[in-house]
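give me a 3D structure for the following:
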Amino acid sequence: MRRVMVRNPTGGDGTDVETARERASERGIDVRDSDEPGDAVALARAAAAEADQIIACGGDGTVNEVVRGVAAADALDDVELAVVPAGTGNNFAANLGIESVEHAFEVAETGERRRLDLGVADDALFVNSCLGGLIAEASEDTDDEAKARIGSLAYALQTLSDARQYEGPLLEIRAGASHDPLWSGTALVLLIGNGRRFLGGGRTQANLEDGRLEVVIVEQAPAIDYLAEGALQRLLKRDASHLTRLTTAELLVTTTDRPMAFSFDGEIVERQSIDASVREGAMRFRVGDAYEPEPAPWPPE
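So this is what the prediction gives:
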């Protein structure tokens with residue numbers, strides 16, 4: 001098997017990406033490093049012409065760029081993807097049942113192959129999630145030093161800190177192929193998951209093989225201490241009255257007063273609207289033993 005690793009050399013605190021480079025070299029895997037955001041797209045597109053397996057080494061954003069590169073090469077059916085978690089946010093790798101850098105190389109070699117869904121928002125692919133509103137703006141505002149020092153917790157802290165001052169945009173949300181009206185109002189956060197589900201606790205893996213998106217609308221900020229331990233879990237608890245949950249194959253989101261910030265696996269854009277859907281079974285991934293082809297039904301009862 002011809003294998004190429006596309007690596008973000010500045011991912012996380014630098015330790016895991018260096019370990020990954022060493023493990024790849026030991027196995028004779030060609031390592032190609034990105035120099036700046038967006039480079040991994042071009043590297044993956046070039047690698048798709050010669051590799052049977054591409055290993056995305058970095059966080060969720062690196063995985064997104066590699067998938068986009070393979071798609072740009074029109075090679076989603078020809079190349080399989082493996083993931084090495086070495087970034088600030090490694091939620092997608094965890095959702096694939098990958099526990100560490102060392103475990104990732106085992107999975108890349110012997111893990112089961114599964115055809116997984118990809119999310120699409122207009123012309124943008126997303127692998128794990130599309131986040132709108134406060135959480136997207138906060139992740140953009142969180143500085144790199146904080147991300148490197150405390151990892152994904154920095155995103156949550158910044159989000160919860162900003163919630164007290166944030167005034168969400170007015171949204172109209174329609175679901176299904178016929179775009180039936182579903183919800184309208186002011187939203188604090190819009191969470192759209194392909195690989196990720198949004199709960200107040202427990203494992204975050206969504207169903208990656210059902211052709212559907214898992215959606216949470218956070219309508220308002222509840223009166224909780226946002227800086228207290230467990231605040232994020234209370235914000236997303238199962239029976240919260242400030243949440244609307246649904247699953248759908250298609251979702252049209254329109255802002256009626258101003259553009260909204262969206263994060264596609266960490267890439268921030270501003271849009272007046274997005275039309276989200278699923279490309280079912282679009283690409284082969286290597287998954288770990290903890291990956292669940294059919295996780296518990298969602299939304300929760």
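
what's the helix or strand for Phe105?
Using DSSP states H and E, Phe105 maps to helix 101-110.

low-confidence regions, this structure specifically.
Residue ranges of the chain with pLDDT under 70: 140-161, 163-164, 200-202, 221-235, 237-240, 299-301.

how's it carved up into domains?
3-110, 125-278 (automatic domain parsing).

for Gly119, find the nearest of those.
domain 125-278 (3.7 Å; Cβ to Cβ). Backbone N, C-alpha and C define where each C-beta goes, glycine included.

for the closest one, measure first residue to last.
9 Å (Cα to Cα, to the nearest Å).

report the buried residues of stretch 291-298.
Within stretch 291-298, the residues that count as buried by 16 or more other Cβ atoms under 10 Å are 291, 295, 298.

how far is it from where the chain is centred?
Here stretch 291-298 is found 17 Å from its chain centre; the criterion is Cα atoms, centre = their mean, to the nearest Å.

so for it, first residue to last residue, what's the gap.
Start-to-end span of stretch 291-298 (Cα to Cα) is 16 Å.

now what about it, what contacts it?
With contacts defined as Cβ atoms under 8 Å, 6 or more residues apart in numbering, stretch 291-298 is touched by 95-97, 112, 114, 197, 203, 205-207, 209, 214, 245, 247.

by neighbour count, which of these wins?
Within the contacts of stretch 291-298, neighbour counts (other Cβ atoms under 10 Å) peak at Asn95, which reaches 30 neighbours.

how about the strands in the stretch 101-250 of the chain?
With strands called from DSSP state E, counting those that start in this stretch, the stretch 101-250 of the chain shows them at 112-121, 124-126, 129-133, 170-175, 180-186, 189-193, 213-218, 243-248, 250-255.

can you classify Glu99 as helix, strand or coil?
Under DSSP: H, G, I helix; E, B strand; the rest coil, the three-state class of Glu99 is coil.

circling back to that earlier point, for Val66, find the nearest of the strands of the stretch 101-250 of the chain.
Per Cβ to Cβ, nearest to Val66 of the strands of the stretch 101-250 of the chain: strand 124-126, 10.6 Å.

quick one: strands adjacent to the closest one?
Applying DSSP bridges, strand 124-126 is found paired with strand 112-121 (antiparallel).

how far out from the middle of the chain is the strand it pairs with?
Remark: strand 112-121 is offset 12 Å from the chain centroid, using Cα atoms, centre = their mean.

run through who's touching it.
67, 71, 80, 125-127, 129-130, 192, 194-195, 208-211, 213, 262, 264, 274-287, 291, 293.

7 Å instead, please
The contact list for strand 112-121 (Cβ atoms under 7 Å, 6 or more residues apart in numbering) reads 67, 80, 125-127, 130, 194, 208-209, 211, 213, 264, 274, 276-287, 293.

mind listing which of the residues you listed are in helices?
Counting by DSSP state H, the contacts of strand 112-121 place Val67 in helices.

narrow the contacts of strand 112-121 to those that are buried.
Those of the contacts of strand 112-121 that meet the buried threshold are 67, 80, 125-127, 130, 194, 208-209, 213, 264, 274, 276-279, 282-287, by 16+ other Cβ under 10 Å.
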